[in-house]
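1. Need a 3D model of the following:
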Amino acid sequence: MNIHPTAIISTDAKLAEGVKVGPYSIIGPDVHIGKNTVVGPHVVIESHTDIGEGNRIAQFASIGGEPQDLKYRGEPTRVVIGSHNTIREYVTVNRATVHDIGVTIIGDHNLLMAYCHVAHNCKLGDHIVMANAANLAGHIHVEDYAIIGGLTGVHQFTRIGTHCIIGGASAVTKDIPPFVMASGNFARLFGLNMIGLKRRGFADETIAALKEAYRIVFRSSLLLTDAIRKVEQQVADLPEVRQFLDFIRKSERGVCR
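-> Residues are numbered from 1 along each chain as shown. Okay, here's the model as predicted:
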């Protein structure tokens with residue numbers, strides 16, 4: 001370990017081999033940090049936090065603080081962060097409340113740019129990009145490879161689907177289906193995330209099927225239930241199309257249109 005002499009480390013914290021901690025950082029009790037994670041200067045990791053291997057946490061980030069929820073009564077909830085994430089300046093990640101999943105989770109290989117906020121009980125998958133000052137309210141689930149533009153605010157209990165992209169300065173109040181583009185205040189859909197799908201190596205057949213499913217669900221005059229039934233009859237033989245439909249079916253807030 002390489003710990004700067006001005007850093008304050010709780011005797012109850014556990015730091016693995018290769019961890020670096022910069023000047024004036026504070027690591028509180030019941031914090032576990034995996035191998036080769038770099039904690040920059042002036043970082044606060046308050047308590048009840050598990051952080052995996054190979055992460056880079058920039059200066060002035062705040063992780064493991066109490067949730068900003070009036071229902072919180074001091075319960076020992078946690079933050080769990082995976083491996084190989086980049087958490088930039090002034091990012092805040094709060095512990096959970098005992099409601100919903102009871103833990104705030106960030107997966108692997110994510111990029112959280114400066115001033116992002118991940119509130120209590122959020123669950124983030126892998127390979128997600130949150131641009132500068134994107135903010136997630138409580139109980140939000142973000143699936144793998146989603147991209148959230150800067151200055152975007154996402155309403156609590158919203159779901160963000162895999163491989164979607166949300167434009168900057170958007171206000172998201174409903175679920176964003178997978179594989180789509182969304183933008184605006186309030187956010188609305190603008191077709192498939194074609195560039196993202198091609199960059200991720202999706203087959204032309206898959207993109208064409210998703211495009212047809214999107215057209216039927218969002219650009220036909222059919223009722224949603226009828227549109228889903230039509231997609232199932234015509235193009236639902238691919239797993240990505242089934243994933244698209246399952247997400248819409250399970251939406252509790254309703255999907256962005």
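2. Would you tell me which helix is longest in this protein?
-> Longest helix in the chain by number of residues (criterion: DSSP state H): helix 204-219.
3. Just give me how far it sits from the chain centre.
-> 25 Å (C-alpha atoms, centre = their mean, to the nearest Å).
4. Tell me which residue lies nearest the centroid of the chain.
-> residue 124 (3.4 Å; C-alpha atoms, centre = their mean).
5. Quick one: residues contacting that one.
-> Contacts for residue 124 (C-beta atoms under 8 Å, 6 or more residues apart in numbering) come out as 105-107, 110, 118, 141-142. Every C-beta, even on glycine, is put in place using the N, C-alpha and C of the backbone.
6. residue boundaries of the helices in this protein?
-> 194-199, 204-219, 224-234, 239-249.
7. possible to save these as CSV with distance to residue 95 and mean pLDDT?
-> Formatted as CSV, the helices of the chain follow (distance: least, C-beta to C-beta, whole Å; pLDDT from 0 to 100):
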stretch, distance to residue 95, mean pLDDT
helix 194-199, 32, 98
helix 204-219, 37, 97
helix 224-234, 37, 96
helix 239-249, 28, 98
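8. about what we covered before: any idea which of the contacts of residue 124 has the most stuff around it?
-> Neighbour tally across the contacts of residue 124 (other C-beta atoms under 10 Å): the maximum, 29 neighbours, falls on residue 118.
9. Who's the closest spatial neighbour of it, skipping the chain neighbours?
-> residue 93 (4.6 Å; C-beta to C-beta, 6 or more residues apart in numbering).
10. Thought residue 110 was touching the one you found, still the case?
-> No - using C-beta atoms under 8 Å, residue 93 makes no contact with residue 110, being 11.0 Å away.
11. hang on, the earlier thing: in the sheet, who's paired with the residue nearest to residue 118?
-> residue 63, residue 118 (DSSP bridges).
12. so who does it touch?
-> Counting by C-beta under 8 Å, 6+ apart, the residues that residue 93 touches are 61-65, 79, 81, 87, 104, 106, 117-118.
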